[in-house]
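Asker: sequence and predicted structure below; questions after.
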Amino acid sequence: MPVYNRDVARILDQVADLLEIEGADSFRVRAYRNAAQSISTMSREVATMVDEGEDLTEIRGIGESIAEKIEEIVKTGDLGQLAQIEERTPAELTELLDLPGLGPKRVQTLHEELGIETLDDLRDAAERNRIRTVSGLGDRTEARIARELEQRHDEERRTRIDVAEEIVTPLLDYLCGIEGVEQVAVAGSYRRRQETVGDLDLLATGADGEQIIRHFTEYEDVREVISQGKTRSTVRLRLDMQVDLRVVADESYGAALLYFTGSKAHGIALRNMALDEGLKINEYGVFRDDERIAGATEEQIYDLFDLPYIVPELRENRGELEAAAEGKLPELVTVDDIRGDLQIHTTASDGKNTLEEMAAAAQERGYAYLAVTDHSPHVSVTQGLDAEALARRIDEIQELNESFNDFRLLTGIEVDILKDGSLDLPDDILKRLDIVVAAVHSAFNLDREEQTERILRALDNPTVHILVHPTGRRIGERNPRKRPPAEMDMERVMEAAKERGCFLEINASPSRLDLSDAYAKMAGEIGLKLAISTDAHSTTELDFIRYGVDQARRGWFGPDGIVNTRSWSDLKALLKR
DNA sequence: GCCGTTTTCGGCCCGACTGTTTTCAGTCG
């Protein structure tokens, strides 16, 4: 039974939660959380490291004690220490922590005084008005708990970045229109361009915070005001999206933006650097004693520590501060670097627009080329192209290409990888194409070994250039087609792709973003180049490219590592296997 | 429990808001 990083992180987090409920030393709790955080954002599997006898204490936040525990988890799938803690403190209690307004102290109090262990116990106690009898809790807290239990969703409350964008854009317009507002920005994971966001963190500057906050709570989309103070407010909008607004003076804009952009780990690392130099960073600025020495811009603050500006996408404490200190920050790829899209669909299969329309839309976006990659026959949800239809398509595209200047349609296909790793079109037709992208559309649930072998066999076929949406995952809480990533040994797949001279894709569709940022980073470390393509099924979806670029940036990719930043002639050379 | 060109011991990020209490603990980000 293989143990993955997410399993290790989950167990360490569970230990942290339970220890915290027990009232353990807060720094000890934090040590477990830091370790879990480190593990969950690593691109390599700790299980592999254990197998190869590597020293886990090299990982930031992991010392001897936790390293031993990780080894135990990797080898047995479990942790004896956790079982011991659970004898004293029921594991179900950690579910209560998910309820807004309940932290470790209150959960412990509710457990001790009312014997509450589960969400059902809590609901029952709220209905009987027993919560208000606990010292430190009153009828308002009881009402809030009842309300939160009512609204509770079983699913994780994270929203896809594109959905968040639809909500945030009109809200920003509204805030900019408020009198006395000087600057407005979105911070948080949204600004770091994470694939999903939990809530939205907004920042505004202006002299009269109270008035700005009041206007904010009067925004037409506000369903509930959760808190409202002089400089800060939290509201809930449609789709349950929670939005925090913080107002500071203009001179603190940079410090506040840095603070609220996070990540938390990046911020803590930076504040520790400040402490070493006898400085203090908070959301108002950088202070030496009581004197503010920086704070208006983020650049100013990084500069104070002799660091170059670090873009939000890199602020995850995954080595960016060290790289910055050594002058080794990567120059990241931008949307402007992208010269063409390498996966799109037309009305020939399940796309909404014709070949001509897609070509025109690509040219409008300044592209030099567009790969036409309709589906092959096996994908049953759509009508794919068989060898004969594909041959006709090649002629059609070549004819259309005569009419273009400085633009070219690439003949291509999204060929289906069958369960045994073979392709559903013969090699002789695939060989005639400019580009072949291969994908899994069925049997996502093979076991890890079988799935890996299947993919490797497909990559063995010399006609294949790019493995697209490599894990097959679909993301988003409200996505009815949500699907977990297929189990596979990604390190092996990437090594194999590199060896064979083919590439993996970052699928830029916001419901996929596949490869993820962490896998992209792994590809970079292996030295494998990637393609960023949209999988557009309509002309407007060509704009998805920016979401893919965001993830590539989060994976530390510069333009060199992305194949479709090249001219067609250079790309053509790269595609030769 | 982690970590160290100040330290192997003694630190460990920091402030706003709420609710309950009456001077502040708990939660959150």
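Answerer: Received it, and whenever you're ready, just let me know what you need.

Asker: so where is the stretch 1-150 of chain A shaky, pLDDT-wise?
Answerer: A:1 (pLDDT under 70).

Asker: contact partners for A:Arg457?
Answerer: A:420-422 (C-beta atoms under 8 Å, 6 or more residues apart in numbering). C-betas here are computed from N, CA, C, even on glycine.

Asker: for PyMOL, write the selection for the buried entries among the residues you listed.
Answerer: Buried members of the contacts of A:Arg457, identified by 16 or more other C-beta atoms under 10 Å, are gathered into one PyMOL selection as follows:
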select buried, chain A and resi 421
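
Asker: give the contact list for the residue nearest to A:Gln194 when sequence neighbours are not counted.
Answerer: Closest residue to A:Gln194 apart from its sequence neighbours, by C-beta to C-beta, 6 or more residues apart in numbering: A:Ile161 at 6.9 Å. Neighbouring residues of A:Ile161 by C-beta under 8 Å, 6+ apart: A:190, A:193-197, A:510, A:547, A:550.

Asker: restricted to helices, list the residues you listed.
Answerer: Among the contacts of A:Ile161, the members found in helices (DSSP state H) are A:190, A:547, A:550.

Asker: tell me the one of the contacts of A:Arg457 nearest A:Leu279?
Answerer: A:Leu279 lies nearest to A:Gly421 out of these, by C-beta to C-beta, at 57.2 Å.

Asker: quick check: phi and psi at that closest one.
Answerer: Per-residue torsions, A:Gly421: phi 90, psi 0 (degrees, to the nearest 10).

Asker: that one and A:Leu456, how far apart?
Answerer: 7 Å (C-beta to C-beta, to the nearest Å).

Asker: check contacts around the most far-flung residue of chain A relative to its centre.
Answerer: In terms of distance from the mean C-alpha position of chain A, A:Thr133 ranks first, at 42.5 Å (C-alpha atoms, centre = their mean). For A:Thr133, no contacting residues are found, by C-beta under 8 Å, 6+ apart.

Asker: ok, it to A:Glu148 distance?
Answerer: Remark: distance between A:Thr133 and A:Glu148 (C-beta to C-beta) = 19 Å.

Asker: what's near enough to touch the closest residue to A:Tyr519 other than its chain neighbours?
Answerer: Closest residue in space to A:Tyr519, ignoring its immediate chain neighbours: A:Met490 at 5.9 Å, by C-beta to C-beta, 6+ apart. Residues near A:Met490 by C-beta under 8 Å, 6+ apart: A:470-471, A:519, A:522.

Asker: so where is chain A shaky, pLDDT-wise?
Answerer: A:1, A:152-156, A:380-382, A:477-480.

Asker: domains in it, as residue ranges please.
Answerer: Domain assignment for chain A by automatic domain parsing gives A:1-86, A:90-155, A:159-247, A:253-325, A:335-574.

Asker: among those, show me which one is buried the most.
Answerer: Using mean count of other C-beta atoms under 10 Å, the stretch among the domains of chain A with the greatest mean number of neighbours is domain A:335-574 (a mean of 20).

Asker: could you point out the longest strand in chain A?
Answerer: Assignment by DSSP state E gives strand A:408-416 as the longest strand of chain A.

Asker: what's the separation between the nearest residue to A:Gly476 once chain neighbours are set aside and A:Gln343?
Answerer: With sequence-adjacent residues excluded and distances taken as C-beta to C-beta, 6+ apart, A:Gly476 is closest to A:Arg160, at 4.2 Å. From A:Arg160 across to A:Gln343, the span is 20 Å (C-beta to C-beta).

Asker: what of A:Asp208?
Answerer: Noted for A:Asp208: a distance of 50 Å to A:Gln343, by C-beta to C-beta.

Asker: dump the residue contacts of the residue of the stretch 151-300 of chain A found nearest DNA strand B.
Answerer: Of all residues in the stretch 151-300 of chain A, A:Gly229 sits closest to DNA strand B, at 2.2 Å by C-beta to the nearest atom of the strand. By C-beta under 8 Å, 6+ apart, the contact set of A:Gly229 is A:Ile213.

Asker: can you show me the helices along the stretch 451-577 of chain A?
Answerer: A:490-500, A:517-526, A:545-554, A:568-575 (DSSP state H, counting those that start in this stretch).

Asker: may I see those helices arranged in CSV, with distance to DNA strand B as well?
Answerer: Formatted as CSV, the helices of the stretch 451-577 of chain A follow (distance: least, C-beta to the nearest atom of the strand, whole Å):
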stretch, distance to DNA strand B
helix A:490-500, 24
helix A:517-526, 20
helix A:545-554, 19
helix A:568-575, 40
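
Asker: mind checking which of those is nearest A:Asp121?
Answerer: Nearest to A:Asp121, of those and by C-beta to C-beta, is helix A:517-526 at 37.2 Å.

Asker: break down the stretch 1-150 of chain A into its strands, ranges please.
Answerer: Remark: no strands are assigned in the stretch 1-150 of chain A by DSSP state E, counting those that start in this stretch.

Asker: near DNA strand B, which residues of it show up?
Answerer: Residues of the stretch 1-150 of chain A lying near DNA strand B by C-beta under 7 Å from any atom of the strand: A:25, A:27-28, A:30-32, A:34-35, A:57, A:60-67, A:97, A:99-107, A:132, A:135-142, A:144.

Asker: swap the cut-off to 6 Å and go again
Answerer: Counting by C-beta under 6 Å from any atom of the strand, the stretch 1-150 of chain A comes close to DNA strand B at A:25, A:27-28, A:31, A:57, A:60-66, A:100-106, A:135-141.

Asker: over to the stretch 351-500 of chain A?
Answerer: Counting by C-beta under 6 Å from any atom of the strand, no residue of the stretch 351-500 of chain A is near DNA strand B.

Asker: quick one, strands of the stretch 351-500 of chain A?
Answerer: Under DSSP E, counting those that start in this stretch, the stretch 351-500 of chain A gives strands at A:369-372, A:408-416, A:435-439, A:466-467.
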